[in-house]
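> one predicted model, sequence on top.
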Amino acid sequence: MTLRTLPHPTGPWSHHVHGVLQRRPGVRPKTLPYDRFDDDAQYAWFLLNCASYQGWDGVDDDIEWDADVIALRRRFERWFLDEMRRRCADGPSEPRGAVRHALAPGGTPGIAAFLEHDGTADQVRESLVLRLPYQHQEADPHTWAVPRLRGDVKRALCDIQAGEYGVGHDHTHAELFLAALEGAGGPVDSEVYPRLPGVAFATFNFVTAAGMNRSLRGAVVGQLALFEMDSVDPNQQMVHACERLGLADDVRAFFHVHVLADAEHEVIAARAFLDEYPLAEPDQVENLLLGVRVQSSIDGALAAHAVGAWSSGRSALRAPAVSPADVAA
């Protein structure tokens, strides 16, 4: 089993997408759920989006341009973005103010803040598993935006991407993440995906949608600005958690690298994305703000889910799904 093995579906939308990817489409569900972080809908959207990255073993590389795949992807995009625009309409209208607002202390502690002092080794492992959909392809969704930008903003994005891709170093950040997940005893195969809550897929799905649609390029810039400017402190807290729990060096190394790299990246992001980009493309400021607000909403929902579960003595992962092979057996 690898991360490129097409994992089994768990609900009506993922069953439908599973069939479409294998050119065996069944009956499509009539409506998408009300909940924007619905487990099955976000998972199904993720399965579709991955066809435009490293793909799935046994799935035709040309499937990403199949008419059914495109139509489904557009439907998921509209479902999520329309709801997030409605929910994220308020807040500061100036980019730096929007980021300050997003970073202001809230009610529920962040995942890293909880794990630093109260988390267990199993919960650190689960926190890594929750990050798998985005982190094992870290930087890739943002790369879609590179040819859509120009000037200093484009150079700044490429500078950040070079760090994420490990240019001049031995490993990409995605490779360091997989080493950390393995070092923490987590599963490094695709059958963990059906156990993830929908919100765990949302960052990857959102940035993919923004990156693959030129009209949303500003949302990539805003999302990445918040991502980089909300990285150093949480990753330092995770370093402390790893040290307190005596976790493997590979686990600590992943977070330590981000403390060092993102201290530089947050300065680049603040200047290029929040100060220069609004002047270069003022018609994209609303999308920039959307990127900040949506990522903040995702972060808050993921923290509420995980910390709520851990504080109650429960796992933040879903119960193991029963695969069709298990049912047949």
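That came in fine, so what should we check first?
> what lies in contact with stretch 170-182?
With contacts defined as Cβ atoms under 8 Å, 6 or more residues apart in numbering, stretch 170-182 is touched by 125, 128-129, 131-132, 135-140, 163-166, 187-188, 250-251, 253-255, 257-258, 261. In this view, the C-beta of every residue, glycine as well, is placed from N, C-alpha and C.
> using CSV, list the CA coordinates for it.
C-alpha atoms of stretch 170-182 as CSV (Å, rounded to 0.1, in the frame of the first residue of the first chain):
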residue,chain,number,x,y,z
ASP,A,170,18.7,17.2,0.9
HIS,A,171,15.0,16.9,1.3
THR,A,172,11.7,18.7,0.5
HIS,A,173,9.5,19.7,3.4
ALA,A,174,7.0,17.1,2.1
GLU,A,175,9.7,14.4,2.5
LEU,A,176,10.6,15.6,5.9
PHE,A,177,6.9,15.4,6.8
LEU,A,178,6.6,11.8,5.7
ALA,A,179,9.7,11.0,7.7
ALA,A,180,8.1,12.7,10.8
LEU,A,181,4.9,10.8,10.3
GLU,A,182,6.8,7.5,10.1
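> coming back round to it: out of the contacts of stretch 170-182, which sit inside helices?
Within those, residues falling in helices by DSSP state H are 125, 128-129, 132, 135, 140, 163-164, 250-251, 253-255, 257-258, 261.
> how about the residues you listed, which pair is most distant?
Of all pairs drawn from these, the widest gap by Cβ to Cβ lies between Arg125 and Gly163 and measures 25.8 Å.
> and for the helix or strand hosting Ala200, what's in contact with it?
Ala200 belongs to helix 199-212 when elements are defined using DSSP states H and E. Residues from elsewhere that reach helix 199-212, judged by Cβ under 8 Å, 6+ apart: 36-37, 42-43, 45-46, 49, 52, 76-77, 80-81, 84, 130-134, 137, 141-145, 216-217, 219-220, 223-224, 287, 291, 294-295, 298, 301-302, 305.
> could you flag which of these are buried?
36-37, 42-43, 45-46, 49, 52, 76-77, 80-81, 84, 130-134, 137, 141-145, 216-217, 219-220, 223-224, 287, 291, 294-295, 298, 301-302, 305 (16 or more other Cβ atoms under 10 Å).
> hang on, isn't Val232 packed against Glu266?
Yes: if you go by Cβ atoms under 8 Å, Val232 and Glu266 touch, sitting 6.4 Å apart.
> helix, strand or coil: sort out the closest residue to Pro109 other than its chain neighbours for me.
Nearest non-adjacent residue to Pro109, counting by Cβ to Cβ, 6 or more residues apart in numbering: Val307, 6.0 Å away. Three-state call for Val307 (DSSP: H, G, I helix; E, B strand; the rest coil): helix.
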